[in-house]
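> Sequence first, then the predicted structure, then my questions.
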Amino acid sequence: MSRPNENESMKKIKMLLEQIQKGYTSRDESTIDSWVDQLFHKEVTIIGTNAVRPGDFEWKKGLESAKQMFENDWKNWGDVKMDLDEAEVDIVDNVAWVALYATVTRNTAESDTRSSEASRKRSLQRIKEYTEKEWTSTRVLYEVIYDASMILTQYERGDVFVWPIRITLGLIDEGEGWKIRQVHFSFPGRGFPNVRIEN
């Protein structure tokens with residue numbers, strides 16, 4: 001049985017999650033400062049999908065970094081829809097953890113920089129760069145095949161991309177209401193991971 005304080009905390013955390021969704025739905029860049037200040041702890045750590053190590057563009061700490069990262073999301077990522085009804089919330093005293101499923105949808109035909117033509121041009125640029133690396137000819141050819149086939153296969157499926165994503169949050173209440181202390185966005189992976197460390 002939940003304690004009264006826990007019930008109240010659960011309500012407040014669900015309201016906080018709704019505010020996150022509201023920001024991603026409106027994507028109003030003029031509100032980014034107040035949105036981040038309201039929801040996030042001053043020492044928040046954000047780990048995005050495009051991060052490998054601490055200090056990368058999408059693995060940062062602090063409110064100013066949060067503002068930059070979320071503004072970039074709102075400008076460039078896609079439409080984020082979180083399944084708030086199925087969010088898993090655990091609360092222990094003044095700390096809480098949230099895990100939830102979401103989707104990111106992007107219609108690439110509506111974007112000059114993400115259209116199939118723009119993506120093919122970027123692939124050709126990368127292919128040119130592969131030929132200038134100090135790799136074996138076999139490695140270069142494999143990289144060319146992989147890059148070209150990935151682009152062609154993805155756009156053959158259509159211009160509307162829908163990606164599943166997991167979002168986990170660590171929250172803390174230090175007496176001024178619940179604030180997000182850590183947020184981590186990740187894509188599910190099957191097969192080989194997208195990033196490989198090589199000597």
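On my side now, so go ahead. Numbers count the residues shown, from 1 in each chain.

> ok, and what's touching stretch 165-185?
9, 12-13, 16, 39-41, 43-49, 80, 82, 94-104, 186-188 (CB atoms under 8 Å, 6 or more residues apart in numbering). All C-beta spots, glycine's among them, are computed from the backbone N, C-alpha and C.

> what sits against residue 188?
Residue 188 touches 164, 166, counting by CB under 8 Å, 6+ apart.

> Can you give me the pLDDT of it?
Looking at residue 188, its pLDDT is 94.

> which regions of the protein sit below the pLDDT cut-off?
Scanning the chain for pLDDT under 70 picks out 1-4.

> Show the subsequent helix or strand relative to the strand or helix carrying residue 124.
Following DSSP states H and E, the helix or strand that holds residue 124 is helix 116-131. Counting by DSSP H and E, the next helix or strand C-terminal to helix 116-131 is helix 137-156.

> what are the C-alpha coordinates of that next one, in CSV please?
What follows is helix 137-156, C-alpha atoms only, in CSV (Å, rounded to 0.1, in the frame of the first residue of the first chain):
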residue,chain,number,x,y,z
SER,A,137,41.4,-1.6,-50.3
THR,A,138,39.2,-4.4,-49.0
ARG,A,139,38.2,-2.3,-45.9
VAL,A,140,37.4,0.7,-48.1
LEU,A,141,35.2,-1.4,-50.4
TYR,A,142,33.3,-2.9,-47.5
GLU,A,143,32.7,0.6,-45.9
VAL,A,144,31.4,1.8,-49.3
ILE,A,145,29.0,-1.1,-49.6
TYR,A,146,27.8,-0.8,-46.0
ASP,A,147,27.2,3.0,-46.2
ALA,A,148,25.5,2.9,-49.6
SER,A,149,23.3,-0.1,-48.9
MET,A,150,22.2,1.4,-45.5
ILE,A,151,21.1,4.7,-47.1
LEU,A,152,19.4,3.0,-50.1
THR,A,153,17.7,0.4,-47.9
GLN,A,154,16.3,2.9,-45.3
TYR,A,155,14.8,5.2,-47.9
GLU,A,156,13.4,2.3,-49.9
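
> what's next to stretch 145-158, contact-wise?
Counting by CB under 8 Å, 6+ apart, 108, 116, 119-120, 123, 126-127, 130, 161 sit against stretch 145-158.

> Which of these are buried, as a ChimeraX select command?
A single ChimeraX command selects the buried members of the contacts of stretch 145-158 (16 or more other CB atoms under 10 Å):
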select :108,116,119,123,130
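
> Which two among the contacts of stretch 145-158 are spaced furthest apart?
130 and 161 (24.5 Å; CB to CB).

> where exactly do the strands run in the chain?
Secondary structure of the chain (DSSP state E): strands at 40-47, 59-61, 79-82, 88-92, 95-107, 160-173, 178-186.
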